[in-house]
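Trainee: Attaching a predicted model along with its sequence, questions to come.
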Amino acid sequence: MELSILLPFIVNVIIGGLVLGFVYAIIALGYTMVYGVLQLINFAHSEVFITGAVVGFEVFRILQDSAMNGYLKLLIALLAAMAVSGLLNVLIERLAYRPLRGSPRLVPLITAIGVSLILQDTLRFLEGLQGRFDLTYTLPAGFGDKFCAAESTCAPVGNFLRTIGVDVQLKDVILVVVALVSLGALNYVVNRTRLGKAIRAVSQDRVTAGLMGIDSNLMISATFLIGGALGGVSGVLFGLKFGTINAYSGFDPGIIAFTAAVLGGIGSIPGAVLGGLLLGVIQNLIGVTNIFGNLLGLANLGTIDASYSKIGPFIVLVLILIFKPTGLLGKSNVEKV
Amino acid sequence: MTQSTTQPSTQPTTAPTPSQTTPDISGSAMLELGDIHSYYDHIHALKGITLKAYEGEIVALIGGNGAGKTTTLRTISGMMKPRTGTLTYLGEDIAGKPAHKTMQMGMSHVPEGRRIFPQLSVRENLEVGAYTITDRKLIEERVQEGFAYFPRLKERENQLGGTMSGGEQQMLAIARALMVNPRLLLLDEPSMGLSPLFVEAIFDIIVKLNKDHNTTVLLVEQNANMALAIAHRAYVLQTGEMKLSGKASDIAKDESVRKAYLGDE
């Protein structure tokens, strides 16, 4: 492959990685926030997230023949997924984790894995009742088109992007915008509001937070609500990007997003975002390793195609655990939630 | 003045003078503990503590390590539940009430070891201290009052709590507790690990608070000289039991107390 083709190709691989990375980032926030307040890795978060994707599928399915504006449908899907995933997460904490507060850390961890399995099969059962297993999103018209296609009003923008070799779909742009809005909202809540300060106080010292009149159980519930709602958002974004999901689709992105949270420094919000973006890019780059097979004459590399892409994040996980267990932005220099 | 030779930092002459007005201790007490028993799992930490604090008093709680001073404060504020006994505050039974509820009744607790939120700025620490206040204007007023009491905190306003010196953290812990303008202030070892200069500054503030706002103070101290110098009344604890109680000046003269806690030979 020649350099003139390779360069734009790599640029697009990186852009695709960043788009994917935003999905990982939003999922990773759910892990990192819960870890912040309870020092618990909520392995059920991957199912809380995929529940959001299923809710999104249902909303788009129910509204598929409606003449409603596509963005409005998306907004409804997002809000419904946030509500369901958020409340589900609160319920999980209340029923499964709170009774185990104070027991050794391994106990809630195993419970989390159990909750994860229960949710997977519950989701499968609920969709199975209607004879469905793989759920394919019926996206509003135009979402799958090229961003600012030649015939649209913003064609000049699209043309410019295409001349510099950037090739994205409208839904990718929507995904990034939704992710950025979510991050902005979370940042505001955590850093600027009374609720956010109370959550941070609880995550740093639960007992002393009580002495400030803060009901730590309420704040833990609030954290699960926010983390779950973000999981719902990421579920819809995941469905938007990949089109087809099922009850078991949460596992892979969940474990990668968890890796992203560890990479960034578990407990750190900026760390989760950074980790997610990095892993998205790394995963996409590993997936195109085969292009170097021709370029460098290393024919063996040619067999490393997209199906290998997920080893990227896990190699990173191993490296980070060996060389910097606190993560890139871990502990000392960032606030955790 | 024999006792001061061994501990130069606690010379009574340099200690702040106690409140001039004598609080009325004839009526009903603001805080009353009756035969309180508290446990850490199987360890019987408080073995029948009876104690009263009246509005406007500074009450010192002295005793050696493991005497139950901290446990007494933790039981009052609701950080732990007493197993038996009565605990009334402002006429209400608060035994077993969780801390976040008692703290909404005009009580503040500066815990042992200060417990500053290390990753919150000085200002945020104060704002969290004002969590039960919803009026933003009032919160800002209180933050400014805190800065007036402790100008050092104003200088460090945007610094993270965890990066401050021990003395500064103690000031912050007290300022944070004062954000709600408490009627009852529980202070656990405010002088621990501080330089003599800081200790004096902290004790000055306690006396000033008591005088200016009629704040009732329950003061736990290892530095018994200092505590008895500013307190109206005092209790002496030993291995979870109340050994002695009375006017602080009388306790300070007591032979056994002098030997055990005041460094007399």
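Mentor: Received it, and whenever you're ready, just let me know what you need. Predicted model only: the values in this text are computed from it and were never measured.

Trainee: which SSE is the residue lying closest to B:Thr72 once chain neighbours are set aside in?
Mentor: Using C-beta to C-beta, 6 or more residues apart in numbering or on different chains and skipping residues adjacent in sequence, the residue nearest B:Thr72 is B:Ile49, 5.8 Å away. Just so you know, the C-beta spots here come from the backbone N, C-alpha and C atoms, and that holds for glycine as well. Element membership of B:Ile49, judged by DSSP states H and E, is strand B:43-53.

Trainee: And that strand, how far out from the chain middle?
Mentor: Put simply, strand B:43-53 sits 17 Å off its chain's centre (C-alpha atoms, centre = their mean, to the nearest Å).

Trainee: Counting by contacts, list what it packs against.
Mentor: With contacts defined as 3 or more C-beta pairs under 8 Å, 6 or more residues apart in numbering or on different chains; DSSP states H and E, the packing partners of strand B:43-53 are strand B:31-40, strand B:58-63, helix B:69-77, strand B:241-247.

Trainee: what's downstream of the third one, the next helix or strand?
Mentor: Next helix or strand after helix B:69-77 toward the C-terminus (DSSP H and E): strand B:84-89.

Trainee: now that next one and helix B:69-77, what's the angle there?
Mentor: Put simply, strand B:84-89 runs at 70 degrees to helix B:69-77, going by axes from the mean of the first three to the mean of the last three C-alpha atoms, to 10 degrees.

Trainee: Packing partners of strand B:84-89?
Mentor: Here strand B:84-89 touches strand B:31-40, helix B:69-77, going by 3+ C-beta pairs under 8 Å, 6+ apart.

Trainee: and those as a markdown table, adding mean neighbour count and mean pLDDT?
Mentor: As requested, those are exported to a markdown table (neighbours: other C-beta atoms under 10 Å in any protein chain shown; pLDDT from 0 to 100):
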| stretch | mean neighbour count | mean pLDDT |
| --- | --- | --- |
| strand B:31-40 | 18 | 94 |
| helix B:69-77 | 25 | 95 |
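
Trainee: could those be laid out in CSV, adding distance to B:Met105?
Mentor: Output for those, formatted as CSV (distance: least, C-beta to C-beta, whole Å):
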stretch, distance to B:Met105
strand B:31-40, 11
helix B:69-77, 10
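
Trainee: Out of those, which is closest to B:Thr239?
Mentor: helix B:69-77 (11.3 Å; C-beta to C-beta).

Trainee: quick one: that closest one to chain centroid distance?
Mentor: A distance of 10 Å separates the centroid of the chain from that of helix B:69-77, by C-alpha atoms, centre = their mean.

Trainee: can you give me the strands in the chain?
Mentor: Assuming you mean chain A. A:135-136, A:244-245 (DSSP state E).

Trainee: wait, chain B
Mentor: B:31-40, B:43-53, B:58-63, B:84-89, B:92-93, B:107-110, B:184-188, B:216-221, B:233-238, B:241-247.

Trainee: Minimum distance to A:Arg194: which of the ones you listed has it?
Mentor: Of all these, strand B:107-110 sits nearest to A:Arg194, with 18.3 Å by C-beta to C-beta.

Trainee: Could you list the low-pLDDT ranges of the chain?
Mentor: Defaulting to chain A. The model of chain A has pLDDT under 70 over residues A:1-3, A:293-299, A:302, A:331-337.

Trainee: hm, I was asking about chain B
Mentor: Along chain B, segments meeting pLDDT under 70 span B:1-21, B:263-265.

Trainee: Which residues of it lie near chain A?
Mentor: Residues of chain B lying near chain A by C-beta under 8 Å from any C-beta of the partner chain: B:77-79, B:98-100, B:103-104, B:108-109, B:111, B:115, B:117-120, B:124, B:127-129, B:131-132, B:134, B:176, B:180.

Trainee: Among those, which lie within helices?
Mentor: When DSSP state H is applied, those are split such that B:77, B:99-100, B:124, B:127-129, B:176 fall in helices.

Trainee: what about stretch B:201-216, distance to the chain center?
Mentor: Relative to its parent chain, stretch B:201-216 has a centroid offset of 11 Å by C-alpha atoms, centre = their mean.

Trainee: and B:Tyr89, what does it touch?
Mentor: B:30-32, B:76, B:102, B:105, B:107, B:184 (C-beta atoms under 8 Å, 6 or more residues apart in numbering or on different chains).

Trainee: Out of those residues, the closest to A:Leu263 would be?
Mentor: B:Thr102 (42.1 Å).

Trainee: for the spatially closest residue to that closest one that is not a sequence neighbour, phi and psi?
Mentor: Residue nearest to B:Thr102 in three dimensions, not counting chain neighbours: B:Gly78, with 4.4 Å by C-beta to C-beta, 6+ apart. Backbone torsions of B:Gly78, given as degrees, to the nearest 10, read phi 100, psi 10.

Trainee: B:Gly78 and B:Ile94 touch, don't they?
Mentor: Yes: the criterion here is C-beta atoms under 8 Å, and B:Gly78 meets it with B:Ile94 at 6.9 Å.

Trainee: Stretch A:92-105 near chain B anywhere?
Mentor: No: against chain B, stretch A:92-105 shows no contacts by C-beta under 8 Å from any C-beta, the least distance being 11.9 Å.

Trainee: And that stretch, what's buried?
Mentor: Within stretch A:92-105, the residues that count as buried by 16 or more other C-beta atoms under 10 Å in any protein chain shown are A:92-93, A:96-97, A:100.
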